[in-house]
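Trainee: Pasted the sequence and its predicted model underneath.
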Amino acid sequence: MASIDTGGDGGQKKGPGVKKAKKLSTRVDMTPMVDLGFLLITFFVFTATMNEPTTLDLNMPKDIKDKKEQTEVKESGVLSVMLGKDDVVYYYEGKLAEDGSNFKSTDFKGIRDVIINKRKEVMDRYVPDPACEAKMAQEGKPTSNCADKDFVVIIKPSKDATYKNTVDILDEMTINQVRTYAMVKIFDQEYELIKKTEEFNQAGIK
Amino acid sequence: MPSVKIARKSTDTDMTPFVDIAFLILSFFIMATKFKPPDIVEIKTPGSVLSQKLPENNAVMISFDSINRVFFTVLSEKDPQKYTDIISEINTEQNLGLTPAEIANFRNIYMVGVPLSGVKQLLGMDAKAVEKIRQPGIPVEDSTNNQLFWWIRAAKNAFAGEKLNYLIKGDANSKYPAFEAVVAALKKNEEFKYNLITQLDGAEASLYEANKAKNK
């Protein structure tokens, strides 16, 4: 067993007159110690908080009352994404048509393709803008930043959406490297359309 | 015929290195472990692709659980004076009439989730007892009576001149209006930068990294 070898019997006198001292083993049984050690290791392994929480930064804009200060965006590059009940995502490009004909629904898997396609479409339409490219070069950023500068995603969570949906869509912005996105309140007209679509879908199932 | 002599080997193994390693690992885990603060409410945070670490000092944490109850927590282990500053300000502003003992107790109570009118009663309780009761949450959803505003303002004043992080910890299944109300309270305080507490989502994160590399 584990022990320190002391080499106890070297150079001891042997003879009839010398009483042999009782040899006591210097070995210590370490098994209980090892048992205890591993018990404690197991305990600490289990209690250690393994999944440390991470953070997602969110910057919200100031509420601007003055119309003049509001940022204007090109209608052609806008993608509005609305979050509905049961993880359903609604979206439309540009302006919402009067009859709601460009109002579509998808899910969280589908919205990624929608974002990618829209971004590609905006970038394909890009006409080189020397002013913007010069500015980017000055700031040391790639000039490709100019190509998708008109691409804006507007996120509008409805009151039926969960917090998870909100984080998921913000994540989707990060994954697809959408640089300009905004979270705004949903319009009544849009919420009504979501309600109608939900009713319609439910009737279809029945 | 000479028989082959088999050397008699001891079956004992020297366990010393084994013990050494075991205790080395043990001491590592003892030092690395940080115990979780007691969870008064269960909050399951949603997953995200970003693996940024969370600030743990100089922060206020606003949590909401799956049934949209809002809680307020101050994280300031380094400077305990802040706890007193915050609750004293709430006390004077809202005329709660707290005793010094109740003010001192604020530090022991990890999460506050009661309307302002119930703060005195909450702080009069022992921290152990608070864990057992069911707090109704800070009223936020009525925009004219968003009481979270006062808590944030008190914290902002207490941390004036220092960096204060706003952590928002929401349950994945809570509804969006709760989050919106929390953000509204922060916005009213002219605070626009927040940290949303999430959990690393492995599969999505690798996709994000791949995307980032491709676009470079």
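Mentor: Perfect, thanks for sending it.

Trainee: quick one: B:Glu93 from chain A, how far?
Mentor: In this view, B:Glu93 and chain A are 24 Å apart by Cβ to the nearest Cβ, to the nearest Å. Any C-beta I mention is one placed from the backbone N, CA and C, and that applies to glycine too.

Trainee: That residue: which element?
Mentor: Using DSSP states H and E, B:Glu93 falls within helix B:81-94.

Trainee: Counting by contacts, list what the longest strand anywhere in chain B packs against.
Mentor: As assigned by DSSP state E, the longest strand anywhere in chain B is strand B:193-200. Applying 3 or more Cβ pairs under 8 Å, 6 or more residues apart in numbering or on different chains; DSSP states H and E, one finds that strand B:193-200 makes contact with strand A:54-59, helix A:163-175, strand B:47-48, strand B:165-170.

Trainee: For that strand, buried residues please.
Mentor: Residues of strand B:193-200 classed as buried: B:Tyr194, B:Asn195, B:Leu196, B:Ile197, B:Thr198, B:Leu200 (neighbour count, 16 or more other Cβ atoms under 10 Å in any protein chain shown).

Trainee: Wait, the last one touches B:Pro46, no?
Mentor: I take that to be B:Leu200. No: judged on Cβ atoms under 8 Å, B:Leu200 makes no contact with B:Pro46 at a distance of 11.1 Å.

Trainee: Check residue 110 and give its pLDDT.
Mentor: I went with chain A, as the question did not name one. Note on A:Gly110: pLDDT of 82.

Trainee: hmm, I had chain B in mind actually
Mentor: 76.

Trainee: Now the residue nearest the centre of chain B: phi and psi?
Mentor: For chain B, B:Met61 is the residue whose C-alpha lies nearest the centre (Cα atoms, centre = their mean; 6.3 Å). Dihedral pair for B:Met61: phi -110, psi 130, per degrees, to the nearest 10.

Trainee: which residues sit in contact with it?
Mentor: B:Phe72, B:Thr73, B:Val74, B:Leu75, B:Leu167, B:Ile168, B:Lys169, B:Ile197 (Cβ atoms under 8 Å, 6 or more residues apart in numbering or on different chains).

Trainee: what do you get for A:Leu58?
Mentor: Contacts of A:Leu58 (Cβ under 8 Å, 6+ apart): A:Leu170, B:Ile168, B:Lys193, B:Tyr194, B:Asn195, B:Leu196.

Trainee: quick one: which of those is nearest B:Ala178?
Mentor: Nearest to B:Ala178 among these, counting by Cβ to Cβ, is B:Ile168 at 10.2 Å.

Trainee: hang on, isn't that closest one packed against B:Thr198?
Mentor: No: taking Cβ under 8 Å as the definition, B:Ile168 is not a contact partner of B:Thr198, at 9.9 Å.

Trainee: confidence score at the residue nearest to the centre of chain B?
Mentor: 84.

Trainee: Next: B:Lys212.
Mentor: 66.

Trainee: Work out which residue lies at the spatial centre of chain A.
Mentor: Central residue of chain A (Cα atoms, centre = their mean): A:Asp171, at 4.8 Å.

Trainee: Strands of chain B, residue ranges please.
Mentor: Counting by DSSP E, the strands of chain B are B:47-48, B:52-53, B:59-64, B:70-75, B:165-170, B:193-200.

Trainee: Adding distance to A:Pro61, write those strands out as a markdown table.
Mentor: Below are the strands of chain B laid out as a markdown table (distance: least, Cβ to Cβ, whole Å):
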| stretch | distance to A:Pro61 |
| --- | --- |
| strand B:47-48 | 21 |
| strand B:52-53 | 21 |
| strand B:59-64 | 19 |
| strand B:70-75 | 23 |
| strand B:165-170 | 16 |
| strand B:193-200 | 11 |
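
Trainee: could you give the mean pLDDT of the longest strand of chain B?
Mentor: 78.

Trainee: likewise stretch A:126-144?
Mentor: Here the average pLDDT along stretch A:126-144 is 72.

Trainee: Stretch B:72-84 too?
Mentor: Rounded mean pLDDT across stretch B:72-84 is 79.

Trainee: If we ignore the residues flanking it in sequence, what's nearest B:Gly124?
Mentor: By the measure of Cβ to Cβ, 6 or more residues apart in numbering or on different chains, the closest residue to B:Gly124 outside its immediate chain neighbours is B:Glu102, 5.8 Å from it.

Trainee: Alpha carbons of the one helix or strand A:Leu79 maps to, as CSV, please.
Mentor: Assigned by DSSP H and E, A:Leu79 falls within strand A:78-83. Presented in CSV, the C-alpha positions along strand A:78-83 are these (Å, rounded to 0.1, in the frame of the first residue of the first chain):
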residue,chain,number,x,y,z
VAL,A,78,-37.0,47.4,-45.1
LEU,A,79,-38.1,44.1,-43.8
SER,A,80,-40.7,44.2,-41.1
VAL,A,81,-40.8,41.2,-38.8
MET,A,82,-43.6,40.6,-36.4
LEU,A,83,-43.7,38.0,-33.7
